[in-house]
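Colleague: what's the 3D shape of this:
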Amino acid sequence: MREIGIVTKRMMKLYLRNPLSVLFSFVYMLMFLVLISLFLGDYLAQGMTEVYAEVTGMNFSSIRWLVDSTAMAGILMINCILIPLNVLTIMVEDSSTNRLDSFLAGSISRSKLAAGYWLAPFLVGTVLNTLCLFISEGFIVINGGKWLSAQATFQMISLIIINTFSTTSILFVVAILIKKAQIYSTFTGIMSAFVGFITGAFLPIGMFPANIQKLFALIPAHHGATMMRKIMTKDALSSTFGNVVDQSVKGSFMTAQEIEQIYVAENGIIYMFGTIRFTFPMMLTVVIGSGILFFVISCMLMMKYRKR
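Modeller: Numbers count the residues shown, from 1 in each chain. Modelled structure (predicted):
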């Protein structure tokens, strides 16, 4: 355990003492907070108000709360990816500079070395993203929303741990296979560009073509983001749509549930694979299962890792 702790602490110190690395991990969250504060939040809330203007029973005062909660859930899932992604840069740099070979030539076993390299991004990602959860909640409250309940907060922290476990395991396999710092840097840039889309943070899933939406079934991070949105928006949804009744909307009769489901489906609070709705346990199984699978693969790859 001592050797694992040494490797883990080294990676954590190298990452945390570099302000630019830490700042880059939070770039999307900072960008969203600025944009939502300046104009995006009001713009989205106004757009939703106009869409549901004819719906009787809508609580329009809760729309900003709902919009902010939906957006912040997506940002938290992005952090579950970007923070481990950036921490693992240290491992790739060790491999690229032959420092990893030196560790392998020493007395530390491959299994302990792998555990240390894996544990650092997992711990950093979990702790920093839990902090981001409370920052996000504070932002929501400042804009007129309400704090998550104690139960919902516990569920969100649990999801942060589970999602970080999954993303760390997947990215750890990538880091082992790439080995070259320059190639990993390119991969990091590509991931940073697309991560907002695969989590549904930049573009709601309802905006994608039907065939593209089905591909999201294969992406654990999308299921993770969906579960986070479901928990973070539960109270806001109830406040916004709770008094809506069955009624005719723009010439078509709709039940109260159907009216609410329009927002829920388009904004990734549920996930539909064609006519099949993924339940919370199904999505949880995908995320945990992918984490376990890639964790095992990473252990196997590390055992077969060849020195230069």
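
Colleague: Please make it C-alpha for all contacts and neighbour counts, starting now.
Modeller: Fine.

Colleague: Just give me the longest helix of the chain.
Modeller: Counting by DSSP state H, the longest helix found in the chain is helix 110-142.

Colleague: Now find how far off-centre that helix is within its chain.
Modeller: From the chain centre to the centre of helix 110-142 is a distance of 11 Å (C-alpha atoms, centre = their mean, to the nearest Å).

Colleague: List the buried residues in that helix.
Modeller: Applying a neighbour-count criterion of 16 or more other C-alpha atoms under 10 Å, the buried positions in helix 110-142 are 110, 112-126, 128-130, 132-133, 136-137, 139-140.

Colleague: Next, S248: secondary structure please.
Modeller: Here S248 is recorded as strand under DSSP: H, G, I helix; E, B strand; the rest coil.

Colleague: wait, doesn't it sit right on E258?
Modeller: No. Using C-alpha atoms under 8 Å, S248 makes no contact with E258, being 11.4 Å away.

Colleague: Could you report the neighbour count for K146?
Modeller: Residues lying near K146 (other C-alpha atoms under 10 Å) number 17.

Colleague: Give the full set of residues in contact with the closest residue to it other than its chain neighbours.
Modeller: In space, and not counting its chain neighbours, K146 is closest to I140: 6.9 Å by C-alpha to C-alpha, 6 or more residues apart in numbering. I140 makes contact with W65, D68, S69, K146, W147, according to C-alpha atoms under 8 Å, 6 or more residues apart in numbering.

Colleague: ditto for E260
Modeller: F241.

Colleague: Doesn't it belong to a helix?
Modeller: Yes. Remark: E260 belongs to a helix, assigned using three-state DSSP.

Colleague: Would you mind measuring from it to Q46?
Modeller: Applying C-alpha to C-alpha, to the nearest Å, the value for E260 to Q46 is 17 Å.

Colleague: A115 too?
Modeller: The gap separating A115 from Q46 is 49 Å, by C-alpha to C-alpha.

Colleague: Just give me the neighbour total for the nearest residue to V287 once chain neighbours are set aside.
Modeller: Distances taken as C-alpha to C-alpha, 6+ apart place P220 nearest to V287, at 5.0 Å, with adjacent residues excluded. Look at P220: counted by other C-alpha under 10 Å, it has 25 neighbours.

Colleague: Distance of P220 relative to N79?
Modeller: Distance, P220 to N79, by C-alpha to C-alpha: 14 Å.

Colleague: cool, and W118?
Modeller: Distance from W118 to N79, by C-alpha to C-alpha: 17 Å.

Colleague: and the closest residue in space to M283 that isn't next to it in sequence, what is it in contact with?
Modeller: Spatial nearest neighbour of M283, chain neighbours left out: H223 (5.4 Å); criterion: C-alpha to C-alpha, 6+ apart. Applying C-alpha under 8 Å, 6+ apart, one finds that H223 lies in contact with F216, A217, Y271, M283, L284, V286, V287.
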